[in-house]
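*Asks:* 3D model of this:
(one chain, ligands or ions: 1)
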Amino acid sequence: MKSVITGSGIGIPKNLVGNDKLTRLMDTTDEWIRTRSGIQQRYYADPGQGSAELGMVAAASALAAAGRSKDEIDAVIFATMTPNFFFPGNGPVVQATMGFPESMPTFDIRQQCSGFLYGLELADSLIQSRKYARLLLIGADVHTPFMPWKRGWASTIGEETGEITPEDYAFNTSIRDRTVLFGDGAGAVVLEASENGNRGFLLSKLYTDGSNIEALYVPGVGFRKRPYVDNDQVDRAESIPVMEGREVFKEAVSRMPQSVRAVCETAGLSVADIDVLLVHQANLRIVEGVAKQLALPPEKVPHNIERYGNTTAGTLPILFHECVQDGRIKPGMLICFTALGSGLHWGAALYRM
Ligand code: ACO
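*Replies:* Model (predicted):
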């Protein structure tokens, strides 16, 4: 029995934010952002629009594509590091808002940039257990509230035109290495048990190494603190992610290729057998570096980071959906998903279309 993707969809917010809009808020340039990351634009969610809302747009379209009604789904898995609430996770929001029956459980997982990859493994395991036959897997993140430049950010979505003070500009500049990289977005797939042929999820290799959590983490607003959040933590900017960019970059370009090789070897396949490699979209240079290490030609390694930035758990399902829509992914092809993100969590999964 195989887990087969029977439909996919995406949820992209309406506010298109080009690099030029960021240059007003902090000391950065379109040229720096393009050359260091490949990003030209990203989309920002409206205030009040969370990862659950974007995820539900993607979910509704994935359900429609799969031709499934809400009553036919056995469980929802929601991967996000930016849920609408500290708790509960987005699962109950999706259940109530979309009107799924209460007999349908929801699973909330994190795993940051590897959230969708881990979600695929979990979905396949649930299907292989034969307790669940049809699952909805959503990967979504909103970074706009998470990376809060202090003033002026709302001008990027046409809501505020006030002057930026030198203090605000300096603060915004202090976190520019992170803010310019991220966008908001969601993707979703429906996975179903199928006894029919070779199509579907083959296997994955997943890894976790927590020995250097500080390379990419949020230092404050956690439950080791007493209280878990207070003004001092916020004043010290401990609610904002810390990222050692170069360190994470090095890990990404070495560990993703290692995991792709490992999953191919375990499956008795060669890397050259991969028709399309879907790499987590964190930086175009990382995507190109991974392709180079694996000796895969650019046409086998699509990217869309230039249009969306890094949407964390959203990148893989958004890229998958776009490639299916525009015909770059076709029936019979061998697809490999790979990601690395905070944790560190990383890995690769093989899927036969
Ligand atoms: N605009 C202009 N200058 C900037 C900006 C900016 N937005 N950001 C940083 N700089 C400056 C730095 O201050 C530095 O200046 P200095 O040389 O005077 O000190 C210079 O640019 C070079 O900085 P580096 O950090 O060396 O730049 P690098 O080429 O490494 O690119 C980047 C930085 C884009 C962050 C890269 O390291 C990267 O993509 N890292 C990986 C990110 C990633 O994969 N994250 C994981 C996913 S996220 C998740 O899991 C939640």
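
*Asks:* residue ranges for the strands of this structure, please.
*Replies:* Along the chain, counting by DSSP state E, strands occupy 2-11, 15-18, 41-44, 75-79, 106-109, 134-141, 185-194, 200-208, 216-217, 242-243, 276-279, 334-341, 345-352.

*Asks:* chain center to the fourth one: distance?
*Replies:* Here the centre of strand 75-79 is set off from its chain's centre by 14 Å, with C-alpha atoms, centre = their mean, to the nearest Å.

*Asks:* need the residues of the chain near the ligand, please.
*Replies:* 28, 32, 36-37, 112-113, 176-177, 180, 216, 245-246, 248-249, 252, 282-283, 286, 310, 312, 341-342 (C-beta under 6 Å from any ligand atom). C-beta: built from backbone N, CA, C; applies to glycine.

*Asks:* those, buried ones only, as a PyMOL selection?
*Replies:* Those of the residues of the chain next to the ligand that count as buried under 16 or more other C-beta atoms under 10 Å are selected in PyMOL with:
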select buried, resi 28+36+37+112+113+176+180+216+245+248+249+252+282+283+286+310+312+341+342
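
*Asks:* among the residues of the chain next to the ligand, which ones are in helices?
*Replies:* 32, 36, 37, 176, 177, 245, 246, 248, 249, 252, 286 (DSSP state H).

*Asks:* test my guess that residue 171 contacts residue 147.
*Replies:* No - assessed by C-beta atoms under 8 Å, residue 171 is found out of contact with residue 147, at 11.8 Å.

*Asks:* residue contacts, residue 108?
*Replies:* Contacts here follow C-beta atoms under 8 Å, 6 or more residues apart in numbering; on that basis residue 108 touches 78, 80, 83, 88, 89, 90, 91.

*Asks:* again, only using 6 Å
*Replies:* Neighbouring residues of residue 108 by C-beta atoms under 6 Å, 6 or more residues apart in numbering: 78, 89, 91.

*Asks:* what's the answer for residue 325, then?
*Replies:* Taking C-beta under 6 Å, 6+ apart as the definition, residue 325 has no contacts.

*Asks:* now residue 318
*Replies:* 10, 185, 187.

*Asks:* quick check, nearest of those residues to residue 326?
*Replies:* residue 10 (12.7 Å; C-beta to C-beta).

*Asks:* pLDDT score for the closest residue to the ligand within the stretch 151-300 of the chain?
*Replies:* Per C-beta to the nearest ligand atom, the residue of the stretch 151-300 of the chain with the smallest distance to the ligand is residue 245, at 2.9 Å. With respect to pLDDT, residue 245 scores 96.

*Asks:* now it: closest residue in space, sequence neighbours ignored.
*Replies:* Closest residue to residue 245 apart from its sequence neighbours, by C-beta to C-beta, 6 or more residues apart in numbering: residue 177 at 5.7 Å.

*Asks:* how near is the one you found to residue 274?
*Replies:* 32 Å (C-beta to C-beta, to the nearest Å).

*Asks:* what of residue 72?
*Replies:* Residue 72 is 32 Å from residue 274, by C-beta to C-beta.

*Asks:* more neighbours, these two?
*Replies:* Applying other C-beta atoms under 10 Å to residue 72 and residue 274 shows that residue 274 carries more neighbours, namely 23 against 14.

*Asks:* tell me the bridge partners for the residue nearest to that one when sequence neighbours are not counted.
*Replies:* Excluding its sequence neighbours, the residue lying closest to residue 274 (C-beta to C-beta, 6+ apart) is residue 336, at 4.8 Å. Note on residue 336: beta-bridge partners residue 277, residue 350, judged by DSSP bridges.

*Asks:* ok, now which ones touch residue 336?
*Replies:* 260, 274, 277, 348, 350.

*Asks:* and if we set it to 8 Å?
*Replies:* Neighbours of residue 336 in contact, by C-beta under 8 Å, 6+ apart: 260, 263, 264, 274, 276, 277, 278, 348, 349, 350, 351.

*Asks:* read off the pLDDT value for it.
*Replies:* pLDDT, read off for residue 336, is 98.

*Asks:* relative to the ligand, how far out is it?
*Replies:* For residue 336, the distance to the ligand equals 18 Å [C-beta to the nearest ligand atom, to the nearest Å].

*Asks:* quick one: end-to-end length of stretch 69-88, please.
*Replies:* 25 Å (C-alpha to C-alpha, to the nearest Å).

*Asks:* buried residues, it. List them.
*Replies:* 70, 73-84.

*Asks:* same deal with stretch 90-107?
*Replies:* So, applying 16+ other C-beta under 10 Å, buried residues of stretch 90-107: 90, 91, 92, 93, 94, 95, 98, 100, 104, 106, 107.
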